[in-house]
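1. fold the following, please.
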Amino acid sequence: MLRSIILVTLLISSVCAFQWEMYKEEFNGNEIEEGSSDNQTEQLPGMCWACKWAMKKVKRQISNGATPEDIKKKLSMVCDEIGFLKSLCRKFVAKYTDTLVEELSTTDDARTICANISVCKK
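-> Numbers count the residues shown, from 1 in each chain. Below is the predicted model of the structure:
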């Protein structure tokens, strides 16, 4: 029984490691690309989820009268909490900082913000 559990655990770990390596190779050196169409879909696996997660976190941390500097500070720190998508999150925030600051200053929800910057489907 223990041998079966160990075998299954190793098999699952191998598959996950293989998928992660393929994902890193695909993403390595490429920035998030913007498509030419307005009805754009999610560019990278997990990007929509990561965007919504980060925007919800920042929205909860800022007040209605937050200055752009306050929002930038929160944006720069939010990626530290996302786990294995940290580098993807940081590249995303760096690329869209000004747009995100503007979007977070509105009353839009996280899904709308991410759709407005074409990371999630509209």
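2. mind giving me the domain split of the protein?
-> Per automatic domain parsing, the structural domains of the chain span 1-29, 40-122.
3. tell me the pLDDT of the most centrally placed residue in the chain.
-> Nearest to the mean C-alpha position of the chain, by C-alpha atoms, centre = their mean, lies Ala50 at 2.8 Å. Note on Ala50: pLDDT of 84.
4. please, which helix or strand holds it?
-> helix 47-61 (DSSP states H and E).
5. quick check: next helix or strand after that helix?
-> Counting by DSSP H and E, what follows helix 47-61 is helix 68-78.
6. per-residue confidence averaged over that following helix?
-> 88.
7. show me what counts as buried in that helix.
-> Buried residues in helix 68-78, counting neighbours by 16 or more other C-beta atoms under 10 Å, are found at Asp70, Ile71, Lys72, Lys74, Leu75, Val78. Backbone N, C-alpha and C define where each C-beta goes, glycine included.
8. tell me which other helices or strands that helix touches.
-> Packing partners of helix 68-78 (3 or more C-beta pairs under 8 Å, 6 or more residues apart in numbering; DSSP states H and E): helix 47-61, helix 86-104.
9. how much does that helix deviate in direction from helix 86-104?
-> 160 degrees (axes from the mean of the first three to the mean of the last three C-alpha atoms, to 10 degrees).
10. ok, residues contacting helix 68-78?
-> Ala54, Lys57, Val58, Gln61, Ile62, Cys89, Val93, Thr97, Leu100, Val101, Leu104, Ser105 (C-beta atoms under 8 Å, 6 or more residues apart in numbering).
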